[in-house]
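J.: with the input below, show me the fold.
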Amino acid sequence: MFDRADDAFLGLIRWLERLERRPVRDVRELRQRFIPQPCTDVELARMTECAVSLAVRGPMNREASVALAERQRGPLATSERNALIGLNMRNSHRVIADSIKSRGKFVAVYSQGREFVFGDGFFHNVKNVQNVPWSPELFVPITPHVSVLVCRPS
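T.: Take a look at the predicted model:
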């Protein structure tokens, strides 16, 4: 269910590393840090697919995917729990990624001296989504030094 995203990460990372950027010391105003980049719908859809994949598979969403069932029935067997998590995550991933594709707003953020944190160390508003989200927003680390902001404003 996540093959498309998993297969796209290497291409996404290579593309993000080739984008133009300016060292912070050369930038006087915050506005100068934003450099428009040429990109195709395919590249933006790939960025969406990867960012949504990481957000949906994060620990917060894994637990939310099974929380109601465990609250109603008590602890589930490992195989049943994993199957329920997988089904909910698959649906969430497809719904969110398809709702954004290349129609959103995108920003690549580069860290020059510090690392971005993985796990649930990123921000998003796509917690266990089963219906098309109104205005999804994700800030997701792709590598320790590159994060992406993907959103679809309402």
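J.: which residue ranges form the helices in this structure?
T.: Under the criterion DSSP state H, the chain carries helices at the ranges 3-18, 41-56, 59-73, 78-100.
J.: closest one to P144 among those?
T.: Closest approach to P144 among those is made by helix 3-18 (11.2 Å; Cβ to Cβ). Where C-beta positions appear, they are placed from N, C-alpha and C, glycine not excepted.
J.: name the helices or strands packed onto that closest one?
T.: helix 41-56, strand 137-143, strand 146-151 (3 or more Cβ pairs under 8 Å, 6 or more residues apart in numbering; DSSP states H and E).
J.: need the winner for burial among those.
T.: Counting by mean count of other Cβ atoms under 10 Å, helix 41-56 has the highest mean neighbour count of these, with a mean of 22.
J.: any idea how far that one is from the chain center?
T.: 6 Å (Cα atoms, centre = their mean, to the nearest Å).
J.: give me the contacts around that helix.
T.: 2, 4-6, 8-9, 11-12, 15, 61, 89, 92-93, 96-97, 100-102, 104, 106, 122, 124, 126, 136, 138, 140-142, 148, 150 (Cβ atoms under 8 Å, 6 or more residues apart in numbering).
J.: one more: stretch 103-118?
T.: So stretch 103-118 is contacted by 16, 19, 21, 23-24, 34, 37, 39, 44, 47-48, 122, 136, 139, 141, 143-153 (Cβ under 8 Å, 6+ apart).
J.: give me that answer again for 7 Å
T.: By Cβ atoms under 7 Å, 6 or more residues apart in numbering, the residues outside stretch 103-118 that reach it are 16, 19, 21, 24, 44, 47-48, 141, 144-153.
J.: what sits closest to N131 if chain neighbours are left out?
T.: Counting by Cβ to Cβ, 6 or more residues apart in numbering, N131 lies nearest to V95, which is 7.0 Å off, once chain neighbours are set aside.
J.: and F116, how far from V109?
T.: 8 Å (Cβ to Cβ, to the nearest Å).
J.: quick test: name the residue nearest the centre of the protein.
T.: The residue lying closest to the centre of the chain (Cα atoms, centre = their mean) is A51, at 2.2 Å.
J.: report pLDDT for that one.
T.: On pLDDT, A51 comes in at 91.
J.: what strands line up against the helix or strand of the chain with the lowest mean pLDDT, and which way round?
T.: Here the helix or strand of the chain ranked lowest by mean pLDDT, DSSP states H and E is strand 123-124, holding a mean of 79. Strands adjacent to strand 123-124 in the sheet, as given by DSSP bridges, are strand 137-143 (antiparallel).
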